[in-house]
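1. Predicted model, plus sequence, below.
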Amino acid sequence: MFERFATRLCNAFGLAFLALLAGAGVAQANLVISSNPTANMNCGGGVCEPAAPRANLNVTDLENLISQDGNVRVMTTGQNVEATNIVVNASFATPNSTSLTLDAVGAITVNAPVSIGGGIAELELQSGTGGTLGDISFGPNGDITFGSTTDLFNINGEVFQLEGTLPDLAKAANAEPARFYALSNSYDASADGTYQSSPISSTFSGYFEALGNTISNLTINVTQGDGEYIGLFAQLAGNGGFGVVRNLRLAKASVLSSYATDIGAIAGGVEQNAIVVQSSTTGEVQAGDSSSVGGVAGWIELGSVISSWSSAKVTAGNTFASVGGLVGYSGGTIANSYATGAVTGGEFSDAGGLAGDGYEISGCFATGDVYTAGGGSAGGLVGDAAGSIKNSYAEGNVSGGTGGYQNQLGGLTGYEEARGSANYSTGKVTGGSSDLIGGVVGWDIMRRGYSYTFWDTTTSGLSRGAGQSNGQETLTGLTSSQLRSGLPAGFRKTVWNEKVKTNHGFPYLIDNPPPKSK
């Protein structure tokens with residue numbers, strides 16, 4: 001079963017998931033589980049199905065059905081009707097020793113707490129068609145917890161081993177790193193003390209589904225060693241398997257290392273088609289002698305970070321580092337993600353609000369301030385950009401040290417050897433008299449250039465888009481008022497929007513909106 005499941009999902013995972021992201025903004029019919037009265041639903045014989053494309057199932061009615069029948073399947077496919085997605089908007093609990101299946105042709109979104117009773121209770125999630133993974137996601141207040149780790153949980157027929165503590169997860173994953181694991185509840189890691197190395201030190205090629213649960217107060221402090229990956233997971237690698245971390249919230253983490261090659265709060269390295277998806281970090285990541293440092297991942301090579309975010313403060317004091325709010329060095333894909341933490345790099349470092357070095361970036365933004373100590377490249381989004389950047393923006397201030405070395409400083413990118421389109425930046429960019437400073441890019445070297453890319457002349461204080469350019473880019477300066485007065489040329493209305501009370505009135509991404517102010 002595992003081999004067939006793994007092969008099927010690995011072949012379809014990347015393209016299917018990105019396709020779902022691309023269509024996430026399209027209005028679809030939903031079967032909603034909420035506190036509203038049941039409407040357009042047919043329930044009987046342990047099955048609830050829609051009678052119309054838009055249907056509602058009351059949570060109390062659902063709980064009563066589970067208590068009565070013991071085994072209930074809620075599905076989006078009815079008699080000549082398809083509701084497509086299941087959306088959970090109200091909290092509910094299942095009794096002990098019962099079974100619930102949520103079966104959606106499209107996505108399953110959980111926006112409220114769901115509690116699965118103990119006594120070998122069971123939850124099955126079916127999402128997607130045609131052998132693809134589909135999409136299982138959690139809103140800010142959504143999670144799924146289990147009464148016991150002896151309960152049963154599976155996705156699309158594959159059983160996940162439930163773990164309730166980080167030490168138990170680490171013990172299991174280090175012994176069998178290719179298996180499927182799920183977090184049965186949130187866990188406070190302060191009881192574990194300080195880890196001297198990555199809790200999950202084996203190269204993880206399995207699938208970890210956190211179900212919207214939080215691991216809080218993780219502390220890692222590595223004071224000896226060389227050439228190590230450091231993070232909750234040292235290294236994720238597909239390598240014929242998965243290497244997936246999904247729906248994890250890592251809160252108030254402190255990840256420090258004096259000796260490591262690649263350091264990130266969730267993973268030191270993400271390689272060989274591995275992926276971190278719909279996950280987040282808060283806290284700090286700090287390195288003394290590291291080559292790549294990021295809020296979520298240190299190093300990506302042929303891997304991806306998708307629909308994830310970080311507010312972690314990221315600092316690297318050494319020279320020649322790649323330092324980013326989300327990812328340190330990325331030779332893979334970053335999509336529909338953002339970072340808000342401050343980023344600081346040492347001399348000759350590449351520092352970026354999202355990524356220190358970035359390759360393929362789309363649908364992303366960064367708002368944290370960025371600093372490089374001298375002789376480096378710093379950008380509000382990316383320090384050193386290659387590949388392509390599209391439909392992205394940066395709002396953080398960018399600055400460089402004045403130690404006698406020339407910096408490349410830009411509101412979007414510091415050093416650019418990439419193509420870019422439909423991007424903008426608003427941050428103030430400052431440096432020394434010898435630095436290359438631009439509202440968009442410090443130094444564009446590869447003659448590929450940007451198109452439909454803008455910077456805010458009011459907030460940046462700059463009249464030029466590029467400090468130095470060998471390219472044919474189209475960089476346009478607009479005042480704050482102009483940027484707020486309608487989408488700029490080349491910004492598609494299916495991707496971007498403007499509202500007075502969202503993102504200070506500046507353009508924002510429909511499928512990756514800025515976090516709401518608390």
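-> Nice, I can see it.
2. thought residue 36 was touching residue 56?
-> Yes - between residue 36 and residue 56 there is a contact at 5.2 Å, judged by CB atoms under 8 Å. C-beta: built from backbone N, CA, C; applies to glycine.
3. So which of these two has more stuff around it?
-> residue 56 (21 against 13; other CB atoms under 10 Å).
4. so what pLDDT did the residue nearest to residue 484 when sequence neighbours are not counted get?
-> Distances taken as CB to CB, 6 or more residues apart in numbering place residue 505 nearest to residue 484, at 4.1 Å, with adjacent residues excluded. Here the pLDDT value assigned to residue 505 is 97.
5. Check residue 118 too.
-> According to the model, residue 118 scores 83 on pLDDT.
6. In contact with the residue nearest to it when sequence neighbours are not counted: list those residues for me.
-> Spatial nearest neighbour of residue 118, excluding adjacent residues (CB to CB, 6+ apart): residue 147 at 2.9 Å. Shown in contact with residue 147 (CB atoms under 8 Å, 6 or more residues apart in numbering): 96, 115, 116, 117, 118, 119, 121.
7. Dihedrals phi and psi, residue 147?
-> With angles defined as degrees, to the nearest 10, residue 147 sits at phi -70, psi -20.
8. can you check residue 460 too?
-> Dihedral angles of residue 460 (phi, psi; degrees, to the nearest 10) stand at phi -80, psi -30.
9. quick one: contacts for residue 351?
-> 323-324, 343-345, 370-372, 376-379, 383, 414.
10. mind running it again at 6 Å?
-> 323, 343, 345, 370, 372, 378, 383 (CB atoms under 6 Å, 6 or more residues apart in numbering).
11. Could you count how many residues lie near the residue nearest to the last one when sequence neighbours are not counted?
-> For residue 383, the nearest residue in space outside its immediate sequence neighbours is residue 350; the separation is 3.3 Å by CB to CB, 6+ apart. The burial count assigned to residue 350 is 30, neighbours taken as other CB under 10 Å.
12. so residue 365 bridges to which residues?
-> residue 338, residue 393 (DSSP bridges).
13. how much space between it and residue 344?
-> From residue 365 over to residue 344 the distance is 20 Å, taken as CB to CB, to the nearest Å.
14. Counting neighbours, go ahead and name the busier of those two.
-> residue 365 (30 against 21).
15. thinking that one is in contact with residue 337, fair?
-> No - in this structure residue 365 lies outside contact range of residue 337 using CB atoms under 6 Å: 8.6 Å.
16. quick one: contacts for the residue nearest the centre of the chain?
-> With distances taken as CA atoms, centre = their mean, the residue of the chain nearest its centroid is residue 308 (1.0 Å). Shown in contact with residue 308 (CB under 6 Å, 6+ apart): 276, 279, 296, 337.
17. Do you know the pLDDT at the last one?
-> Residue 337 is assigned 98 on the pLDDT scale.
18. ok, now residue 135?
-> What the model reports as pLDDT for residue 135 is 88.
19. what do you get for residue 24?
-> Looking at residue 24, its pLDDT is 39.
20. Next secondary structure after the least confident helix or strand in the chain by mean pLDDT?
-> Every helix and strand in the chain was compared by mean pLDDT, DSSP states H and E; the lowest is helix 2-22, with a mean of 39. Where DSSP states H and E defines the elements, the next helix or strand beyond helix 2-22 is strand 30-34.
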